[in-house]
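In: whatever this is, show me its structure:
(chains A, B and C)
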Amino acid sequence: MSAFLQIFLGILTAMGGFVEVGELVFSVGAGAKFGYSLLWVVALGTLGIILFGEMAGRVAAVTKQPIFDWVRERAGFRMGLGTLLAANLVSLLTCAAEIGGISIVLRMMSGWPYRLLAILTFLALLAIVWFFAFKWIERFFGLLGLLMTVFVIAAIRLHPDWHAVGAGFVPQVPTLESPKDYLVYAYFAVSLLSSIMLPYETYFYASGAIEDGWQPHEVPMNRIVVTMGFVLGSALAVGLVIVGGQLLKPLGIDPQWPGAAALGPAFTMGRAGLIVALLGMLFAFGGAAVENALTGAYNTAQFLGWPWGKWRKPAGAPRFALAWIVMLTLAVLIILAGVNPIQVVEYSIVFSVLILPLTYLPLLMAAGDRRIMGAYVNNGPTKIAGWFFLALVTLAGLFALPLLVVTRGGKL
Amino acid sequence: MKPADLRQRPPFFDVVRMLMDHQLLDADYVECGKVDDVEIEITDDGTLRATAIFTGPGAAFEHLPGWLAAIAKKFFGKRSKRIPWPEIAIIESRIKLRSTSEALGLDPADRSAARWISKLPGAR
Amino acid sequence: MRRAEHHSRALQTVVAAVVVAALAFAIALATFLPANQDTLRVNLNSIGTSAAEGLTLARGDDESRLTRNFYDVELELLRDDLDHVVANLGHARPLPELRGRFAEATALAGSASRALRALAVPGAPAESVVAGQATLVSITSRVDSLKQELER
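Out: Next up is the predicted model:
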């Protein structure tokens, strides 16, 4: 395949895979509650995930070692085990939320019972991951996730005040009606940041780089794919914020379910827009469910030293295969138990930001170590930006859980 | 990995940084566990010599607090394999061994899991 | 101990401390404190947004912008939310000065749920749909008033 086509497909896949159920809920919710005044957090989060996504891919391409290899090597078994358990718990919750989101979307399309759809979703995802190669799984969900572009079209057709949209990208704290509203604003800022910089994205990206056999000379290509893919992906998030701000806010709707976001395409493009939106959500959530299940398996296998990788058939890496099957199974059991998937999303987003520092620190240290990275070591600006974002996510992590409690999950 | 990729070795051997918790690769470059512990002996002239490495849950869990190690061993077993030093071929970011994992008796869990998983369609 | 182990231990201790403190706070809040203005406000928000979305869905259905399944399922999810609000408010132990408002909020939630149920009936007579929409409009208006009273 030509390099151009590879880069092009990589960008589209990264773009289509940007949004998952947590990001959708918080983007639309941020718009519905605060208009465009949280767009700067979308931009900040995008910068952060570009930075650490690129770093994860670069470390993997140069060292051929994924993140949890570094966690084990640098922090040892005892300390690393804490990080592994926390990361896998968050991935499990996220996977469960995505399966729940898919089941809700399928119910909206078919009217079939929710629990039956959850089981069918589980079986479909199991079959896809079992039978298809890594590259095809990535492309299938990534490219079909591009249907989410319907939200960008809906946002444009809602004719927002573009000056106000632009002003939203400037870091700010708007003037709000009551002191409690500022706490809710802070909660949405932290959650929106976390939903864009979810830890599984770096774990999965690094493992994927090794699955795809990246070499050091492909690092510049990785940079282009990550930057352009995630910038275009963030346009989907911006579209969702505008749908929230331009349509839902004036109507007094604070979206509680993913369906509320679909009202944007419905009211601008009719039934066709609604159906495309639901399909886009289906594939976006599906991709995220698969990525989180695989992430749990990657992390476990890489930490414990098992053979791993989708490039091996299941018989060649049996405990790795069992691990992702267990992840999917536990995730669907959480949904079948009747847990509200949107609540699961909120908890997974908040706990994600708590463990982000544990994820980013070993990555930053590995990427900044000239002995192992050679010419591909972090340059000065990257080092500074890396430490800035590490400090930022640590601060966000400190406040995330108290804000979740005090604002009653942003519903205050 | 090319010879140029190998770093210049420092004048001393840091067991913790260069061995502990590093990935083991067998003769076929397949992952076969981590270095969970190192056996060191003091020779007659007082120098320290690494004589073997250990891999397996039994060795790994020894790094946990006592009560947690006991629970972990109950659930996941206390198997641990001693690999004599001459088995080590290359020490780099990953430790390459001279024999296959099967020959060394490593990762029996993977082999027994592979036996029944390979009966499923699409597994091979 | 390796330097990274030090960093890891420090970070993990901080994370664990934050989680434990927040959980303890949440449990204390839920168990020991009587239901206060914040509880009422959260539930009023839920009533208001469910009613508003119900109205929007009805408009979308009128204008043939929605599929039948989407319309039905969204209305059902909103009714579930309102039923949870009724249950939450029913279990709450409000402060004496808030009892009246809690009671009114419970009534509003029940009324909104019934109005959404009327909208969900396929081929319902136009009068009952209009009546349901009117109920939802008055509920959103009353919810806004109650929220403003809470701010004072």
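
In: what's the neighbour count on A:L123?
Out: Using other CB atoms under 10 Å in any protein chain shown, the number of residues around A:L123 comes to 12. Where C-beta positions appear, they are placed from N, C-alpha and C, glycine not excepted.

In: typo on my end, it should be A:G338
Out: Considering only other CB under 10 Å, A:G338 is surrounded by 8 other residues.

In: again with A:M148
Out: 29.

In: what of the one 5 residues further on?
Out: Applying other CB under 10 Å, we find 17 other residues in the vicinity of A:I153.

In: hmm, the strand or helix carrying it touching chain C?
Out: According to DSSP states H and E, A:I153 maps onto helix A:150-157. No: Helix A:150-157 stays clear of chain C (CB under 8 Å from any CB of the partner chain), getting no nearer than 11.8 Å.

In: check which helices and strands that helix sits against.
Out: helix A:219-243, helix A:259-304 (3 or more CB pairs under 8 Å, 6 or more residues apart in numbering or on different chains; DSSP states H and E).

In: where's A:Y347 relative to B:R17, distance?
Out: 38 Å (CB to CB, to the nearest Å).

In: can you pull the phi/psi pair for A:L176?
Out: The phi/psi pair for A:L176 (degrees, to the nearest 10) reads phi -120, psi 170.

In: circling back to that earlier point, more neighbours: which of A:Y347 and B:R17?
Out: Between A:Y347 and B:R17, counted using other CB under 10 Å, the more crowded position is A:Y347 (18 against 13).

In: write out the residues of chain B neighbouring chain C.
Out: Residues of chain B found near chain C (CB under 8 Å from any CB) are B:16-17.

In: secondary structure class for B:A50?
Out: Classification of B:A50 by DSSP: H, G, I helix; E, B strand; the rest coil places it in strand.

In: for it, give me its contacts.
Out: B:A50 sits next to B:13, B:15, B:19, B:38-40, B:85 when contact means CB atoms under 8 Å, 6 or more residues apart in numbering or on different chains.

In: what are the phi and psi values at A:F132?
Out: Dihedral angles (degrees, to the nearest 10) for A:F132: phi -100, psi 150.

In: which residue sits closest to it, ignoring its sequence neighbours?
Out: The shortest distance from A:F132 to any residue other than its chain neighbours is 7.2 Å, reached at A:F140 (CB to CB, 6 or more residues apart in numbering or on different chains).

In: same check, this time on A:G259
Out: In space, and not counting its chain neighbours, A:G259 is closest to C:E74: 4.7 Å by CB to CB, 6+ apart.

In: how about the helix or strand that that neighbour is a member of as CSV, C-alpha atoms only?
Out: C:E74 is part of helix C:68-91, with elements assigned from DSSP H and E. Backbone C-alpha positions of helix C:68-91 (Å, rounded to 0.1, in the frame of the first residue of the first chain) are rendered in CSV as follows:
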residue,chain,number,x,y,z
ARG,C,68,-41.2,5.7,15.4
ASN,C,69,-38.7,3.5,17.3
PHE,C,70,-36.5,6.5,18.2
TYR,C,71,-39.5,8.5,19.4
ASP,C,72,-40.9,5.6,21.5
VAL,C,73,-37.6,4.6,23.1
GLU,C,74,-36.6,8.2,24.0
LEU,C,75,-40.0,8.9,25.6
GLU,C,76,-39.7,5.6,27.5
LEU,C,77,-36.2,6.6,28.8
LEU,C,78,-37.5,10.0,29.9
ARG,C,79,-40.4,8.3,31.7
ASP,C,80,-37.9,6.1,33.5
ASP,C,81,-36.0,9.1,34.5
LEU,C,82,-39.1,10.7,35.9
ASP,C,83,-40.1,7.5,37.7
HIS,C,84,-36.6,7.6,39.4
VAL,C,85,-37.2,11.2,40.4
VAL,C,86,-40.5,10.2,42.0
ALA,C,87,-38.8,7.4,43.9
ASN,C,88,-35.9,9.6,45.0
LEU,C,89,-38.1,12.3,46.3
GLY,C,90,-40.3,9.7,48.0
HIS,C,91,-37.4,8.2,49.9
